[in-house]
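Asker: Fold the following, please.
(chains A and B)
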Amino acid sequence: DAGVTQSPTHLIKTRGQQVTLRCSPISGHKSVSWYQQVLGQGPQFIFQYYEKEERGRGNFPDRFSARQFPNYSSELNVNALLLGDSALYLCASSLADPSRFEKLFFGSGTQLSVL
Amino acid sequence: QKEVEQNSGPLSVPEGAIASLNCTYSDRGSQSFFWYRQYSGKSPELIMFIYSNGDKEDGRFTAQLNKASQYVSLLIRDSQPSDSATYLCAATTGGFKTIFGAGTRLFVKA
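Answerer: Numbering: from 1, shown residues only, chains lettered A, B, ... in the order given. All right, here's what the predicted structure looks like:
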């Protein structure tokens, strides 16, 4: 089975531009979470979606938005890019079964550079 | 106060020794706890999870949880150079929100 796939793998944008990152979860997983990881730090929680609904949001500005589609894939959008948005964006999928423990399976990430 | 705190290290141990990694969390509502390993330039991968007080062993890895002290640890026995990586502690609260610590860098010297 395919793991979590993210696209693109690398992206270079300039300040003020908008970017869309894409993620396809593991087959059968209904939840997708997005994280931002700056070099030398742990992943910072941005969003979690489950069954197409936002279930959690981290401390990120409204420039960050996301959605989940009926096939459980997801997009993360960032508007009005700032230099500080340069980071590795990780998507993680999980079963999100309340009776289980929320094991996250990560994609390879999208490395975003804002110039 | 950060929700999940770890010593950033680096922690350096000789090959064959026990590496001990520690983590504290602030939210008493946290229900499950995870250790992820992240090699340089790669994404995190789950190596252990624990939800009950006490110890949980899996091969060379032992996770320990003390909810009263809000403390989680990971022991790696017979450390190998291939264990050199950043170890991320994570805690999940209600609503499936998983929060990560900053990670501890481990170096295992051959």
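Asker: hey, let's count contacts and neighbours off CA atoms from now on
Answerer: Will do.
Asker: Which residues of chain A lie near chain B?
Answerer: Proximity of chain A to chain B (Cα under 8 Å from any Cα of the partner chain) is limited to residues A:40-45, A:48, A:55-56, A:90, A:96, A:101-109.
Asker: give me the beta-bridge partners of the most centrally placed residue in chain A?
Answerer: Central residue of chain A (Cα atoms, centre = their mean): A:W34, 2.8 Å from the mean position. Beta-bridge pairing of A:W34 under DSSP bridges involves A:F47, A:C91.
Asker: Return the residues in contact with it.
Answerer: By Cα atoms under 8 Å, 6 or more residues apart in numbering or on different chains, A:W34 lies in contact with A:F45, A:I46, A:F47, A:Q48, A:L76, A:Y89, A:L90, A:C91, A:A92.
Asker: and for the helix or strand harbouring A:L11, what are the contacting residues?
Answerer: In this structure, A:L11 sits in strand A:10-13 according to DSSP states H and E. For strand A:10-13, the surrounding residues in contact (Cα under 8 Å, 6+ apart) are A:V19, A:L81, A:T110, A:Q111, A:L112, A:S113, A:V114, A:L115.
Asker: Name all residues that make contact with the residue of chain B found nearest chain A.
Answerer: Closest residue of chain B to chain A, Cα to the nearest Cα: B:A102 (4.0 Å). Residues near B:A102 by Cα under 8 Å, 6+ apart: A:G40, A:Q41, A:G42, A:P43, B:V4, B:E5, B:Q6, B:S8, B:L88, B:C89.
Asker: Check the secondary structure at the first one for me.
Answerer: I take that to be A:G40. For A:G40, the assignment made with DSSP: H, G, I helix; E, B strand; the rest coil gives coil.
Asker: so how far is B:G101 from it?
Answerer: 11 Å (Cα to Cα, to the nearest Å).
Asker: Just want to know which of those two has more residues nearby.
Answerer: Neighbours were counted for A:G40 and for B:G101 using other Cα atoms under 10 Å in any protein chain shown; B:G101 has more, 25 against 13.
Asker: For B:Y87, which non-adjacent residue is spatially closest?
Answerer: Of all residues not flanking B:Y87 in the chain, B:R37 sits nearest, at 4.6 Å (Cα to Cα, 6 or more residues apart in numbering or on different chains).
Asker: Let me know whether the one you found touches B:P44 as I believe.
Answerer: Yes - if you go by Cα atoms under 8 Å, B:R37 and B:P44 touch, sitting 5.5 Å apart.
Asker: just to revisit the earlier point, quick check, nearest of the contacts of strand A:10-13 to B:Y51?
Answerer: Nearest to B:Y51, judged by Cα to Cα, of the contacts of strand A:10-13 is A:T110 at 31.0 Å.
Asker: ok, that closest one to A:L88 distance?
Answerer: 6 Å.
Asker: Output the set of residues of chain B in proximity to chain A.
Answerer: Proximity of chain B to chain A, by Cα under 8 Å from any Cα, involves residues B:32, B:34, B:42-46, B:49, B:88, B:92, B:95-103.
Asker: Which ones among the residues you listed lie within strands?
Answerer: Per DSSP state E, strands hold the following members of these: B:S32, B:F34, B:E45, B:L46, B:F49, B:L88, B:T92, B:K97, B:T98, B:I99, B:F100.
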